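Participant: next comes the sequence, and after it the predicted model I'd like to discuss.
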Amino acid sequence: MTNPLQALWYTRCGVPTGFGLAKQAGFIDEAFARQGTRLQSIKESDDPRVRESHFDHSLQNSVRYGGNGPAVWARASGSPTRLIGVSTNGDHPLLLASEESGIKSIRDLKGRRFGLPRWFNQSIDFAGASALRTLESALRLEGLEVGDVEIVDYPVASNITSYAVSRIEGTETFKPRELPDRPKLVPDLLRGKIDAMASLGRSGLNLVREFSLTQVFDLADHPDPLARANNNSPLTLAVDQHLLDRHYDSVVTLVQQILKAERWAREHRQEARTLIAREVHASEYWIWNHYETAQGGLGIDTHLEPLALAALQDYADFLLRWKFVPARVDVNEWLDPRPLADARQALAATAS
């Protein structure tokens with residue numbers, strides 16, 4: 001038994017993960033209550049320095065499950081973190097255009113105006129990076145480069161971690177942040193100020209339906225599985241080195257609860273769909289349409305499959321090439337497979 005853990009800091013993104021399900025189902029809270037560990041939410045803290053750990057992973061005894069861009073940036077910036085799991089839910093971005101633009105194909109993007117968010121006050125501009133990745137991957141299928149389109153920057157002064165989140169009453173999920181200066185790409189696309197933009201799949205599909213937009217490209221359709229990698233695929237589960245070294249059993253307990261929730265989701269698909277919809281602020285229809293129909297499940301299973309790790313490396317190298325991160329991250333050196341293996345063994349023992 002490793003040292004008793006007094007408090008575990010946690011943070012997660014508003015995306016489908018076994019961590020989110022395990023929190024909503026009470027698995028994590030119950031397991032850590034039995035060992036006398038307090039759970040403390042990074043995103044709900046009143047201290048902006050604590051909330052910044054959602055990006056820089058600076059807090060000792062903390063875990064983060066979410067988009068890989070901030071996790072890669074933290075590692076590249078010297079934070080002593082370890083990657084202990086990934087998940088691939090298939091949430092790939094789309095390239096969208098207005099009907100009035102006449103853009104029907106990737107080749108039609110040449111010389112046109114592409115709106116790109118620039119979150120210049122954040123540790124990493126993960127949204128801008130994801131949009132740029134989608135654009136570059138699409139253009140290269142037609143022998144084009146980013147320089148062949150006109151980039152229209154949308155500077156955003158807000159920093160997400162400047163604003164604490166609060167929970168939806170009676171739930172384990174968070175209300176959306178109300179930021180004062182979100183980039184107005186959709187209104188400008190409809191007004192003809194830009195010709196195309198990127199949007200996350202579930203949001204983008206809704207925009208196509210609501211505003212009769214043209215879906216020019218879906219990153220999920222890229223023939224190269226490595227090129228499909230973006231901020232939300234694969235998602236990363238990371239812990240700080242201190243937590244791993246001093247409280248290894250607690251890390252295994254955490255991962256075991258995540259795996260337990262993922263197993264529960266496979267056995268209770270409708271209930272899981274409802275909880276995931278609450279987690280990502282979407283209707284159950286879009287969870288079914290975007291995740292389940294594409295891959296026969298929610299795609300939340302935590303694993304360390306070689307292809308997903310190779311895709312993560314490809315995206316980490318993209319972030320370095322475009323200077324979103326300060327140094328190269330070697331995914332194999334970052335990885336510690338022990339907690340996942342031990343958690344799988346522990347969960348199997350409880351089922352036998």
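Facilitator: Structure's in. What do you need? Remember, it's a predicted structure, so these values are computed and weren't measured experimentally.
Participant: just checking, Arg86 is part of a strand?
Facilitator: To be clear, residue 86 is Val; Arg isn't right here. Yes. Assessed by DSSP: H, G, I helix; E, B strand; the rest coil, Val86 belongs to a strand.
Participant: flag the shaky bits of this structure, pLDDT-wise.
Facilitator: In the predicted model of the chain, residues 1-2, 180, 293-296, 352 satisfy pLDDT under 70.
Participant: tell me which residues of the longest helix along it are tucked away?
Facilitator: Secondary structure assigned by DSSP state H gives helix 248-267 as the longest helix of the chain. By 16 or more other CB atoms under 10 Å, the buried positions in helix 248-267 come out as 248-262, 264-265. C-beta here means a position set from N, CA and C on the backbone, and glycine is covered the same way.
Participant: kindly report the same for stretch 326-346.
Facilitator: Using 16+ other CB under 10 Å as the test for burial, stretch 326-346 gives Val329, Val331, Trp334, Leu335, Asp336, Pro339, Leu340, Asp342, Ala343, Arg344, Ala346.
Participant: hey, C-alpha coordinates of that stretch in PDB?
Facilitator: The C-alpha atoms that make up stretch 326-346 are tabulated as PDB, following Å, rounded to 0.1, in the frame of the first residue of the first chain:
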ATOM      1  CA  PRO A 326       7.600  24.800 -27.100                       C
ATOM      2  CA  ALA A 327       9.300  21.400 -27.500                       C
ATOM      3  CA  ARG A 328       8.800  17.900 -28.900                       C
ATOM      4  CA  VAL A 329       6.900  15.400 -26.800                       C
ATOM      5  CA  ASP A 330       7.900  11.700 -27.300                       C
ATOM      6  CA  VAL A 331       4.700   9.800 -26.500                       C
ATOM      7  CA  ASN A 332       6.600   6.600 -25.700                       C
ATOM      8  CA  GLU A 333       8.700   8.400 -23.100                       C
ATOM      9  CA  TRP A 334       5.600  10.100 -21.700                       C
ATOM     10  CA  LEU A 335       3.700   6.800 -21.400                       C
ATOM     11  CA  ASP A 336       3.400   4.700 -18.300                       C
ATOM     12  CA  PRO A 337       1.200   1.600 -19.000                       C
ATOM     13  CA  ARG A 338       1.300   0.100 -15.500                       C
ATOM     14  CA  PRO A 339      -1.800   1.700 -14.000                       C
ATOM     15  CA  LEU A 340      -4.100   0.700 -16.800                       C
ATOM     16  CA  ALA A 341      -2.800  -2.900 -16.700                       C
ATOM     17  CA  ASP A 342      -3.100  -3.100 -13.000                       C
ATOM     18  CA  ALA A 343      -6.600  -1.500 -13.000                       C
ATOM     19  CA  ARG A 344      -7.800  -4.000 -15.600                       C
ATOM     20  CA  GLN A 345      -6.500  -6.900 -13.500                       C
ATOM     21  CA  ALA A 346      -8.200  -5.400 -10.400                       C
END
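Participant: and that stretch, how far from the chain's centre?
Facilitator: Its chain's C-alpha centre and that of stretch 326-346 lie 17 Å apart, by CA atoms, centre = their mean, to the nearest Å.
Participant: give me the contacts around it.
Facilitator: Contacts of stretch 326-346 with the rest of the structure, by CB atoms under 8 Å, 6 or more residues apart in numbering, involve 72, 75-77, 81-85, 239, 244, 248, 251-253, 255-256, 258-259, 302-304, 309, 312-313, 316-317, 320.
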